[in-house]
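K.L.:
Need the 3D shape of this:
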Amino acid sequence: MARNVIGGDLETCGTDPLTGFYRNGCCDTGGEDMGVHTVCARVTAEFLDFSREQGNDLSTPRPEFGFAGLVPGDRWCLCASRWVEALREGVAPPVVLEATHARTLEWVDLDDLRSHAVT
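P.N.:
Sure, this is the predicted structure:
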């Protein structure tokens, strides 16, 4: 069983929309996941705008990929590096610690994650 950033079992991030690199609802990762989609975030409008500006439009529906587009409040497994970029720009979305994979700690300090934790 995968572990989360606070040492417990990795919990489900979101199933509506279905998230995760493996589209299993969890921010699990493996060798094929070059983007390291390990941060379970509750996306905000500010983050979605930021991501679009960085070239990753997460809010526009892409039916050809079975993707309805995200809206503020959706839970989504973000790339650890993108979350760090958003943190530096002051638009990091809140995170669900129990559903954020422990591998995230290779990129992000636990104190930064805790300061953005969903309560």
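
K.L.:
count of residues packed around the residue nearest to A45 when sequence neighbours are not counted?
P.N.:
Distances taken as CB to CB, 6 or more residues apart in numbering put P72 closest to A45, at 4.7 Å, once the chain neighbours are dropped. (Each C-beta comes from the backbone N, C-alpha and C, glycine too.) Using other CB atoms under 10 Å, P72 has 13 neighbouring residues.

K.L.:
where along the chain do the helices fall?
P.N.:
45-53, 80-88, 110-115 (DSSP state H).

K.L.:
Same list as before, these that is, but in a markdown table and with mean neighbour count, mean pLDDT and distance to E98 included.
P.N.:
What follows is the helices of the chain, written out as a markdown table (neighbours: other CB atoms under 10 Å; pLDDT from 0 to 100; distance: least, CB to CB, whole Å):
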| stretch | mean neighbour count | mean pLDDT | distance to E98 |
| --- | --- | --- | --- |
| helix 45-53 | 17 | 97 | 20 |
| helix 80-88 | 18 | 97 | 16 |
| helix 110-115 | 14 | 97 | 11 |
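
K.L.:
hmm, back to that, show me the contacts for the residue nearest to A45.
P.N.:
Contact analysis of P72 by CB atoms under 8 Å, 6 or more residues apart in numbering lists V43, T44, A45, L48.

K.L.:
go on, R52?
P.N.:
Taking CB under 8 Å, 6+ apart as the test, what R52 contacts is L58, S59.
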